[in-house]
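>>> build me a structure from this.
(one chain, ligands or ions: 2)
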Amino acid sequence: FPSGYNDGPKNGYNNGYNSGYNNGHNGGYNNGHGSRGYGMISNLDYRFYDRSCPRLQMMVKSGVWRAFKDDSRIAASLLRLHFHDCFVNGCDGSILLDDSEDFKGEKNALPNRNSVRGFDVIEDIKTDIESVCPLTVSCADIVALAAREAVVLTGGPFWPVPLGRRDSLTASEQAANTNLPSPFEPLENITAKFVSLGLDFKDVVVLSGAHTIGFAQCFVFKHRLFNFKGSGQPDPNLAASSDLLSKLTDTCPNVDSSNSNLAPLDAASVVKFDNAYYVNLMNNVGLLDSDQILMSDSNAAALVKSYSESPYLFSRDFAVSMVKMGNIGVMTGSDGVIRARCGFPG
Ligand code: HEM
Ligand SMILES: [Ca+2]
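Ligands and ions are numbered 1, 2, ... in the order given. You can find the predicted model right below:
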């Protein structure tokens, strides 16, 4: 693997931190041998809260909807929150924990700090739910349901969410820095990170389609606008689309003070969960290097092409991959806890 970003995709996975993985109770995790791809064995259950909290899904839905009315970007942010939770020690709500005396949490890790959003929305939903079903529903499940509602609300597919995740008692800044894919790393590294969690190459292509909604800060792609690879020129792919390039340079002028300005990941339809992301890639106007780089691999490019032609196919595959992602490293049964508040363990 190309080095530089980290010392390997498996780092952080076998770091002794997460003894919950592969411990025999953990049916949701898959060690990369065997059934990867289909039928990851899961202890999760679609009907987990049917008796203990029958109004759960309605309450999550209305909480997401309330937040969306004031801030349509929140849909994208909630989807990303679930991804950043699941990729770091599994879908266990670890990302929601504030730093404590015992650990430095994930909120301030490089990929998350001043970037990941939606904590207040999850905490508000949790408060609602606690008033009806105290100490019953995990924060990790709320995040998984909120991500699904966010996709539905922006016009994407519905999928039933398997439930029964338990929350962690701890979080790891270091694991977040190690496990989350960076937009600056090569496709092989990104793929290796997915594979080490039991996902596969197709999931990389499908889940990247989440970038059909939401925003990125200028500093993430600015190198493409002014001095691409030291050429003193914009990335030729972007230059070929002068409309987009001029919008991006308006949003992100070549001064440091523009670094945190926001540009849509999919300029064609910012708050619509559609297949325009793939159409953009076909037109060489993906915003992040890590988006457009999919076209450099012939297998990925073939998938991109089929999703650009069929919104239906994308919707179907996205739902399948989201369920897989939602199974990563889950704790069930008596492992972990149900938190009273999502920002604090116990
Ligand atoms: C494949 C590797 C991926 C990389 C390198 C990547 C990288 C990024 C970056 C750099 C941003 C902008 C953050 C900022 O500027 O503050 C972003 C935003 C976003 N990402 Fe990804 N991402 C990846 C995969 C995913 C996946 C799997 C999902 C969800 C299933 C996802 C969902 C999102 C969403 C919805 C946003 C917009 C968030 C918002 O507006 O608040 N990404 N991603
Ligand atoms: Ca986690």
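
>>> hang on, residue 145 packs against residue 57?
Yes. Using CB atoms under 8 Å, residue 145 and residue 57 qualify as a contacting pair, with a distance of 6.3 Å. To be clear about C-beta, it is placed using only N, CA and C from the backbone, and glycine gets the same treatment.

>>> nearest residue to residue 227 in space, please, no chain neighbours.
Distances taken as CB to CB, 6 or more residues apart in numbering put residue 233 closest to residue 227, at 7.4 Å, once the chain neighbours are dropped.

>>> residue contacts, the residue in the stretch 51-200 of the chain that ligand 2 sits nearest to?
For the stretch 51-200 of the chain, the residue closest to ligand 2 is residue 94, as judged by CB to the ion, at 3.5 Å. Residues in contact with residue 94, defined by CB atoms under 8 Å, 6 or more residues apart in numbering, are 85, 88, 105, 106, 168, 170, 171, 172.

>>> try it again with 10 Å
Residue 94 makes contact with 18, 84-86, 88, 103, 105-107, 139-140, 167-172, 175-176, 329, 345, according to CB atoms under 10 Å, 6 or more residues apart in numbering.

>>> same check on residue 273?
Contacts of residue 273 by CB under 10 Å, 6+ apart are 75-76, 79, 150-157, 209-210, 212-213, 266, 311, 314-315, 318.

>>> quick one: the helices in this protein?
For the chain, applying DSSP state H gives helices covering 56-70, 74-86, 119-132, 139-153, 173-179, 187-195, 201-208, 236-239, 242-251, 276-282, 289-292, 298-309, 311-326.

>>> hey, C-alpha coordinates of the fifth one in CSV?
To tie it back to what came earlier, the one meant is helix 173-179. Listed next in CSV are the C-alpha coordinates belonging to helix 173-179 (Å, rounded to 0.1, in the frame of the first residue of the first chain):
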residue,chain,number,x,y,z
GLU,A,173,-9.7,9.6,18.5
GLN,A,174,-6.8,7.5,17.2
ALA,A,175,-9.0,4.9,15.7
ALA,A,176,-11.0,7.6,14.0
ASN,A,177,-7.9,9.1,12.5
THR,A,178,-6.8,5.7,11.3
ASN,A,179,-9.9,4.1,10.0
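
>>> so how far is it from its chain's centroid?
Its chain's C-alpha centre and that of helix 173-179 lie 14 Å apart, by CA atoms, centre = their mean, to the nearest Å.

>>> now the residue of the chain found nearest ligand 1: closest residue in space, sequence neighbours ignored.
In the chain, the residue that lies nearest ligand 1 is residue 214 (2.4 Å; CB to the nearest ligand atom). Spatial nearest neighbour of residue 214, excluding adjacent residues (CB to CB, 6+ apart): residue 76 at 2.7 Å.
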